[in-house]
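Participant: the following block contains a protein sequence and its predicted model.
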Amino acid sequence: MKFFYGPMDCGKSTLALQMDYNHARQGRRGLVLTTIDRAGPGRLSTRIGLGKEAVEVGADLDIRGLVRQRWAQGIRVDYLICDEASFYTVAQIEQLADLVDTSDVDVYAFGLATDFRTSLFPAAQRLFELADEVTRVQVEVLCWCGRPGLLNARVVNGGIAREGDQVVIGDTDTDTGTSTDGGSPEGAPEVDVRYQVLCRRHHRVGDLGPAARAEGQLRLV
């Protein structure tokens, strides 16, 4: 089992599709899995426009059972491409490891390591613990200051959030402003949520950069 990780915009989903293409062109049969993709359920998409149909990994999906069901139907499954694996359950990561160890299925997992608070996602932590190989995706992502972007900041109503649910869906395109998370109760003010990659220094002080300051956005420490 191999785990490829990195912040937003570093090309994890693109690499996942390339990995699938490389294996498929050699005659291998595999499954592509994802969850909470920007394109909606059942689709693995990338910010550069590539995409492919995928199995949606809900919290109740037994991945091991899914593979065994395909085998029972006479369908080979030589490998799994698991995008957004940091959002899987810990039990599903255990299932992936079991498929590798007991069934010789190759597993390639892609995802974030840490959340907006810089804490490891539970599934990512388990991948770090169990994976045979762990690789940081090498496509460099930059903070607004030009330093390497290492951390994903959650920006809520113009300021960096320090508390909240670990997973909240929001916009990752800083050029198009913000998007609502859809979680506000009826009649409550709309909440704008987006994500921005920052270096450690600016994530810690809550500085979103001169463009954000020029727009009158808040700076939270």
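Facilitator: Now that the structure is in, tell me what you want to look at.
Participant: so W71, which of the three states?
Facilitator: helix (DSSP: H, G, I helix; E, B strand; the rest coil).
Participant: number of nearby residues for it?
Facilitator: A total of 12 residues lie near W71 under the criterion other CB atoms under 10 Å. In this view, the C-beta of every residue, glycine as well, is placed from N, C-alpha and C.
Participant: do you know the pLDDT at it?
Facilitator: We have a pLDDT of 95 for W71.
Participant: list the contacts of the closest residue to F121 other than its chain neighbours.
Facilitator: Spatially, and ignoring its direct neighbours in sequence, F121 is nearest to S86 (4.1 Å; CB to CB, 6 or more residues apart in numbering). Going by CB atoms under 8 Å, 6 or more residues apart in numbering, S86 touches Y5, G111, L112, A113, F121, A123, A124, L127.
Participant: restricted to strands, list those residues.
Facilitator: Among the contacts of S86, the ones falling in strands (DSSP state E) are Y5, G111.
Participant: out of the contacts of S86, which is most surrounded?
Facilitator: Result: L127 is most packed of the contacts of S86 (other CB under 10 Å), 30 neighbours.
Participant: for G146, see how far away I36 is.
Facilitator: 30 Å (CB to CB, to the nearest Å).
Participant: same question, S119
Facilitator: Separation of S119 from G146 (CB to CB): 26 Å.
Participant: is it true that A211 touches W144?
Facilitator: Yes. Counting by CB atoms under 8 Å, A211 does reach W144; the two are 7.2 Å apart.
Participant: what strand or helix carries R194?
Facilitator: Following DSSP states H and E, one finds R194 within strand 192-198.
Participant: so which elements touch that strand?
Facilitator: Helices and strands touching strand 192-198, by 3 or more CB pairs under 8 Å, 6 or more residues apart in numbering; DSSP states H and E, are strand 151-156, strand 179-180.
Participant: so what are the sheet partners of whichever helix or strand comes after the first one and their directions?
Facilitator: Proceeding C-terminally, strand 151-156 gives way to strand 159-160 as the next helix or strand, assigned by DSSP H and E. Under the criterion DSSP bridges, strand 159-160 sits next to strand 151-156 (antiparallel) in its sheet.
Participant: quick revisit: so for S119 and G146, which sits in the more crowded spot?
Facilitator: More crowded of S119 and G146, by other CB under 10 Å: S119, with 12 against 8.
Participant: got the contact list for that one?
Facilitator: S119 touches Q166, counting by CB under 8 Å, 6+ apart.
Participant: what's the spacing between it and G30?
Facilitator: When CB to CB is the yardstick, S119 and G30 sit 31 Å from each other.
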